[in-house]
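Colleague: Sequence below, structure please.
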Amino acid sequence: MMAEAGGKPIGDATAAEARAGAWEWEKYAGVPEPVAQVVNRFIPGPTADLPIRIYTPEGRGPFPALVMFHGSGWVISNIDHADAPHRALANRSGCVVVAVNYQKAPEHKFPVALDDCHATAQWVIRNAALLNVDPACVGVGGDSAGGNLATALCIRSRDHGGPPLAFQLLIYPATDHSLAYPSMVENAEGYLLTSAAIRWFWAQYLERPEDGLNPLASPMLCKDLSGLPPAIVVTAEFDPLRDEGEAYADRLAAAGVPTIKRRYDGMVHAFFWMSGCVQRSRQLIDDLGADIRTLLGTSEALTGHNYHQVPGGGGPQEPTH
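Modeller: The predicted structure is shown next:
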């Protein structure tokens with residue numbers, strides 16, 4: 001389907017061309033599910049008003065909340081492209097999902113997107129009563145570049161006085177600017193996202209290469225991961241980002257952070273957005289809904305072994321001591 005759509009490969013295209021091609025994703029995401037309420041609004045950000053979309057599931061509340069940062073390399077896509085998975089995630093998790101259209105590179109370099117995401121999480125917690133949300137049960141999440149932003153925000157929030165976050169959802173996150181992992185070579189080409197495209201995205205996002213040494217750009221470089229919120233980390237077998245995501249999950253668990261780690265065998269990067277054509281994408285969202293409910297309801301019970309690994313995704317979780 002993607003080959004038939006044509007378009008230039010990421011790395012050969014301009015940012016504008018890449019953004020125009022991203023509208024193809026809507027056909028892969030499937031028909032958006034109904035949710036109890038969807039509200040669009042703007043909130044104040046550090047340098048611009050930010051568009052957000054609020055998905056409220058059925059129920060009385062107060063609900064937990066999940067502030068979602070969409071992927072696409074800090075450069076392309078928006079909350080419309082991620083509408084279908086965000087709706088499904090609200091329904092499966094029972095969370096109010098708040099998606100933000102943070103400002104994009106290369107026009108807005110690091111740390112502008114992170115600042116926008118931070119402001120959104122703060123706004124959700126300050127406006128918990130308006131949203132019918134429990135302010136003590138607000139987590140952050142994202143896929144790919146959005147996963148990078150979510151985990152960087154958790155580090156910043158821990159180190160700089162909040163906001164307090166209940167959990168983090170990291171779907172095949174980018175965690176290390178170095179790209180020095182075997183999966184970057186094994187899955188360099190042929191599986192949708194290429195290693196060359198990842199280098200292009202990083203070049204758009206960072207003002208200068210040395211910014212990649214900042215732990216808020218490369219969370220893997222954070223020396224101490226203790227005290228971070230409970231985590232769900234998802235990877236895909238045929239993804240250049242697979243190994244750095246799994247290495248980050250391992251470090252979280254070693255630091256005592258309750259962590260659920262899932263690898264989905266046979267999947268490629270971006271399959272979170274493919275529920276219209278890939279059954280395992282639908283399984284992923286079902287699993288994430290259950291995992292979020294687990295972390296919110298029984299996260300303390302995980303601290304005894306603090307690490308679950310599900311090699312193929314789905315099915316029962318086996319603790320690894």
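Colleague: Quick check: Pro9 touching Trp200?
Modeller: No: counting by CB atoms under 8 Å, Trp200 is not a contact partner of Pro9; they are 9.3 Å apart. Every C-beta, even on glycine, is put in place using the N, C-alpha and C of the backbone.
Colleague: and those two? which has more neighbours close in?
Modeller: With other CB atoms under 10 Å as the criterion, Pro9 and Trp200 differ in neighbour count, and Trp200 comes out ahead with 20 against 13.
Colleague: burial measure for the nearest residue to the more buried one once chain neighbours are set aside, as a count.
Modeller: In space, Trp200 comes closest to Gly11 once its chain neighbours are excluded; the distance is 4.2 Å by CB to CB, 6 or more residues apart in numbering. Using other CB under 10 Å, Gly11 is surrounded by 15 other residues.
Colleague: which stretch of helix or strand covers Glu26?
Modeller: Under the assignment given by DSSP states H and E, the secondary-structure element containing Glu26 is helix 25-29.
Colleague: Residues contacting that helix, please?
Modeller: Residues external to helix 25-29 that are found in contact with it (CB atoms under 8 Å, 6 or more residues apart in numbering): 1, 77, 80-85, 270, 273-278.
Colleague: so where do the helices sit in the chain?
Modeller: Listed in chain order, the helices of the chain (DSSP state H) span 2-5, 15-21, 25-29, 83-93, 112-126, 128-131, 145-159, 182-186, 195-205, 242-254, 279-298.
Colleague: model confidence over the third one, on average?
Modeller: What it means is helix 25-29. Per-residue pLDDT over helix 25-29 has a mean of 82.
Colleague: cool, and the longest one?
Modeller: When pLDDT is averaged along helix 279-298, the result is 92.
Colleague: which stretches of the chain have low pLDDT?
Modeller: Low-confidence segments of the chain, defined by pLDDT under 70, are located at 1-7, 298-321.
Colleague: rerun at 90
Modeller: 1-29, 161, 297-321 (pLDDT under 90).
Colleague: still on that earlier bit, with respect to Thr120, which of the contacts of helix 25-29 is nearest?
Modeller: When the contacts of helix 25-29 are compared for distance to Thr120 (CB to CB), Ala82 comes out closest, at 14.3 Å.
Colleague: Now for that closest one, how many residues are close by?
Modeller: Using other CB under 10 Å, Ala82 has 28 other residues around it.
Colleague: for the helix holding Glu26, which positions count as buried?
Modeller: Trp25, Glu26, Tyr28, Ala29 (16 or more other CB atoms under 10 Å).
Colleague: re earlier: now the helices of the chain as CSV including distance to Gln37?
Modeller: Conversion of the helices of the chain to CSV gives the following (distance: least, CB to CB, whole Å):
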stretch, distance to Gln37
helix 2-5, 33
helix 15-21, 29
helix 25-29, 20
helix 83-93, 10
helix 112-126, 15
helix 128-131, 10
helix 145-159, 23
helix 182-186, 40
helix 195-205, 33
helix 242-254, 33
helix 279-298, 18
